[in-house]
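**Q** got a sequence here, can you model it:
(chains A and B)
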Amino acid sequence: MTERSGDARPQRPAPAPLRPPSAAASAARARRWGTWYVAEHKLRGMRGYLGVIIAYSIGSPLMYLFAMGVGLASLVDSTSGARAFGGVTYLQFIVPALLVSTAVMAASEEFSYPVMSGFKWRRTYYGPLASPISPQQICQGHALAVAVRLLAQSVAYQAIVIAFGATGTRGWASPLVAVLAGLAFGLPMMAYAASIREDRGQFALVQRFVVVPLFLFSGTFFPLSTLPWFLQWIGWASPVWHATELGRVLGYGHVEPAWLSGLHLAYLLLLAGAGLLAARRTYARRLEA
Amino acid sequence: MPNSSGYRAVVSARNLTKRFGDFTAVDGISFEIPAGESFGLLGPNGAGKSTIMRMLGGVSRRTSGELEVMGLDPERQGPEVRAHLGVVPQQDNLDEELRVRDNLIIYGRYFGLPMSYLRPKSAELLEFAQLGDKAGARIGELSGGMKRRLTIARSLINDPGILLLDEPTTGLDPQARHVLWDRLFRLKERGTTLVLTTHYMDEAEQLCDRLIVVDRGRIMAGGSPAELIRAHSSREVLELRFGAGRNASAAGALAGLGERIEVLPDRILVYADDGEAVLGQAVARGLEPATSLVRRSSLEDVFLRLTGRSLID
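**A** Below is the predicted model of the structure:
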């Protein structure tokens, strides 16, 4: 066994011992900033798969935009004209929808397997749990990091579509709506993910039978009103539809009553708020058994 | 806080109880740990040791009883208590998405520690854990023993007064265990209070000044390793093996030898102050054991005596 510790080299003067701030100060900082510390940790971890994030969150919606907004649009705009889409081109119509859908899909990823990983596979939640951080802060920090990711990807997407003239500059607030949509879908999903003890393919089912239908039937590629009445409820329940409609109001001045815009916003806030409360409670119960 | 006997107890538990539904994991346990002591919880898997550790950190709520750590209630002042603690969990939970050094730095952030402290401190701790040349490595490149040492280095980032170690060497090979014990021994010399659970008697004997033997949530005995052996076992033990199926009949023929006889599935233990003498008597009775071994009593024997079962199933 080779000895490599400091005391094997006496010729070097011993450095003054490093003393951290007092335990009380440490606890006070953790109580105040704990959520941010957890988010910082998670965001550093995301750097490890930054390439995947960029491809998934920016490359993928641009691919859709090109296929639908340029390819399909030439057909749609020439046959039904702009009237069918409230006086705008098909490209303008789907730009806000893809922004929101991509945020929701990214949220459905970030609030599923990584949550399970924190509790079970890699047990990464149990590290901070042994520090002054609380279970609620672990939950909030994870959510905050995802919100930062959603904001970054949405701003990048918006900047690109503005640069290519696919939408006007007035849609600057749309990324905020996309983040809210991601949280409105993702935080209830997070509460559900935190309650799962055994992975029996639940996330794949959610992906196929919740996320994909929301993507298709939330007025993304055609107005909700063109769906038969018995399918329209999907849109009304869907955070994707509410956020997309808000995005259209912000993006190109889609006309709807002010109360309806208020309702969209309230619905998204309600889902996100209820989801966060449920997730916090589930985290606390599971981590403090 | 000084108590009636005059020393400063950093941990004090009175009638500590934890129930999960009908199951009582910890059943009215009381103990005190003075500052600087190395205190062990020895017991088999499922004895309630980990539950006690979790209650010390305030991440498991007690059902009843009183508990103080550094004079604080871990349940109500969890963050304040945990700011004093270093925790080495049973299962490593290092972040595999971060490099070795970043695991220490990011963990230190949870204690609200500034980077100006964390950068030199993480280098110091990596040296201490003999991982100085692995600072930029990925977690996946480390061996089991290295991961364990990194977890210990991580637990020291806040310079804790109390280090909680839950089964610190389970799953490690003998050499890696000795390296780890050496590091823990150095911490003990520096005055860090160690609280460790183990089901390895040799680990308890190496590291603990004092320990309690826990089984089914209750304290069976307490004291220093030497005291426990003196009180609950003979000086020596004679281990005899007669081969499968013949131990029971051989035990009959051994009756009356030594202080006490234990018949285990694979061997017979005869407790006596002079093992060699008893072996001579057994051979004189015409017994021909396949193998025989005389050794000193250990905590394993204490546990067997107290519970009728062995530590490792």
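**Q** averaged pLDDT, stretch B:238-254. What do you get?
**A** Across stretch B:238-254, pLDDT averages out at 86.
**Q** so which bits of the stretch 51-200 of chain A are right by chain B?
**A** The interface of the stretch 51-200 of chain A toward chain B, taken as CB under 8 Å from any CB of the partner chain, is made up of A:R122, A:R123, A:T124, A:Y126, A:G127, A:P128, A:L129, A:A130, A:S131, A:P132, A:I133, A:S134. The C-beta positions use only the backbone N, C-alpha and C, and glycine is treated the same way.
**Q** widest-spaced pair of those residues?
**A** A:R122 and A:P132 (21.4 Å; CB to CB).
**Q** so for these two, which sits in the more crowded spot?
**A** Higher neighbour count among A:R122 and A:P132: A:P132, with 28 against 19, using other CB atoms under 10 Å in any protein chain shown.
**Q** which helix or strand contains the more buried one?
**A** Of the helices and strands defined by DSSP states H and E, none includes A:P132.
**Q** what's the pLDDT at it?
**A** On the pLDDT scale, A:P132 gets 96.
**Q** wait, it touches B:L85, no?
**A** No. Using CB atoms under 8 Å as the test, A:P132 is too far from B:L85 to be in contact (9.3 Å).
**Q** please enumerate the helices of the chain.
**A** Here I'm looking at chain A. Assigned helices in chain A, in chain order: A:23-46, A:50-54, A:60-64, A:73-79, A:90-110, A:113-116, A:126-129, A:135-163, A:174-195, A:202-206, A:212-216, A:229-237, A:239-252, A:258-287 (criterion: DSSP state H).
**Q** wait, chain B was what I had in mind.
**A** Using DSSP H, helices in chain B cover B:49-56, B:78-82, B:100-109, B:115-128, B:144-155, B:174-189, B:201-207, B:225-232, B:247-254, B:275-284, B:299-307.
**Q** which pLDDT value goes with the residue of chain A found nearest chain B?
**A** For chain A, the residue closest to chain B is A:R29, as judged by CB to the nearest CB, at 2.8 Å. pLDDT, A:R29: 95.
**Q** cool, B:P74 as well?
**A** pLDDT for B:P74: 95.
**Q** so what's it closest to, chain neighbours aside?
**A** B:G58 (3.2 Å; CB to CB, 6 or more residues apart in numbering or on different chains).
**Q** could you give the number of residues near that neighbour?
**A** Look at B:G58: counted by other CB under 10 Å, it has 26 neighbours.
**Q** also A:Y64?
**A** Residues near A:Y64, counting by other CB under 10 Å: 18.
**Q** enumerate every residue touching it.
**A** A:Y64 makes contact with A:I94, A:L98, according to CB atoms under 8 Å, 6 or more residues apart in numbering or on different chains.
**Q** let's see 10 Å
**A** A:L72, A:I94, A:A97, A:L98, A:S101, A:T102, A:T220, A:F221 (CB atoms under 10 Å, 6 or more residues apart in numbering or on different chains).
**Q** farthest pair within the residues you listed?
**A** With CB to CB as the measure, no two of the contacts of A:Y64 lie farther apart than A:L72 and A:T102, at 17.8 Å.
**Q** pull out the buried positions in the worst-scoring helix or strand of chain A on mean pLDDT.
**A** Lowest on mean pLDDT, DSSP states H and E among the helices and strands of chain A sits helix A:73-79, with a mean of 78. For helix A:73-79, burial by neighbour count (16 or more other CB atoms under 10 Å in any protein chain shown) applies to A:A73, A:V76, A:D77.
**Q** just curious, which of these is nearest to B:L269?
**A** Closest to B:L269, out of all of the buried residues of helix A:73-79 and judged by CB to CB, is A:A73, at 85.5 Å.
**Q** one step back: can you count the residues close to the residue of chain A closest to chain B?
**A** Neighbour count for A:R29, taken as other CB under 10 Å: 21.
**Q** give the contact list for the residue nearest to it when sequence neighbours are not counted.
**A** With sequence-adjacent residues excluded and distances taken as CB to CB, 6+ apart, A:R29 is closest to B:G112, at 2.8 Å. For B:G112, the contacting residues are A:20-21, A:25-34, A:37, A:131-133, B:79, B:83, B:158, by CB under 10 Å, 6+ apart.
**Q** among the helices of chain B, which is the most enclosed?
**A** helix B:78-82 (a mean of 25; mean count of other CB atoms under 10 Å in any protein chain shown).
**Q** average pLDDT for that one, rounded please.
**A** 95.
**Q** got a pLDDT number for residue 267?
**A** This is for chain A. Predicted confidence (pLDDT) for A:Y267: 98.
**Q** please go with chain B instead
**A** B:R267 carries a pLDDT value of 90.
**Q** so where's the chain shaky on pLDDT?
**A** As the question left the chain open, I've gone with chain A. A:1-17, A:80-83 (pLDDT under 70).
**Q** was after chain B, sorry
**A** B:1-7, B:310-313.
**Q** hmm, 50 instead?
**A** Chain B contains residues with pLDDT under 50 at B:1-2, B:4.
**Q** got the domain boundaries for it?
**A** B:9-222, B:234-296 (automatic domain parsing).
**Q** quick one: closest of these to A:G186.
**A** Going by CB to CB, the one of these nearest A:G186 is domain B:9-222, 20.0 Å.
**Q** quick one: contacts for the closest residue to B:V88 other than its chain neighbours?
**A** Distances taken as CB to CB, 6+ apart place B:L165 nearest to B:V88, at 4.5 Å, with adjacent residues excluded. B:L165 sits next to B:38, B:40, B:53, B:86-90, B:148, B:151-152, B:155, B:180, B:184, B:187, B:194-198, B:203, B:207 when contact means CB under 10 Å, 6+ apart.
**Q** B:A135 too?
**A** B:A135 neighbours (CB under 10 Å, 6+ apart): B:R99, B:V100, B:R101, B:D102, B:L104, B:S122, B:A123, B:L126, B:E127.
**Q** how far away is the last one from B:L184?
**A** So the one you mean is B:E127. 16 Å (CB to CB, to the nearest Å).
**Q** same check on B:Y271?
**A** Note on B:Y271: its distance to B:L184, by CB to CB, is 31 Å.
**Q** could you do A:G251 as well?
**A** Going from A:G251 to B:L184 by CB to CB gives 62 Å.
**Q** now B:Q91
**A** 18 Å.
**Q** how deep is residue 140 tucked in, by neighbour count?
**A** Assuming you mean chain A. Neighbourhood size, A:Q140 [other CB under 10 Å]: 20.
**Q** I was after chain B.
**A** 8.
**Q** still on that earlier bit, between A:P132 and B:L85, what contacts are shared?
**A** Between them, A:P132 and B:L85 share the contacting residues A:A23, B:G58, B:N158, judged by CB under 10 Å, 6+ apart.
**Q** name the nearest residue to the last one, sequence neighbours excluded.
**A** Computed as CB to CB, 6+ apart, the closest residue to B:N158 that is not its neighbour in sequence is B:F111, at 4.4 Å.
**Q** tell me the contacts of the one you found?
**A** A:20-21, A:23, A:25-27, A:29-30, A:37, A:131-133, B:79, B:82-83, B:117-118, B:157-160.
**Q** now the residues you listed: which count as buried?
**A** A:20-21, A:23, A:26-27, A:29-30, A:37, A:131-133, B:79, B:82-83, B:117-118, B:157-160.
**Q** having no further points to raise, I will conclude here.
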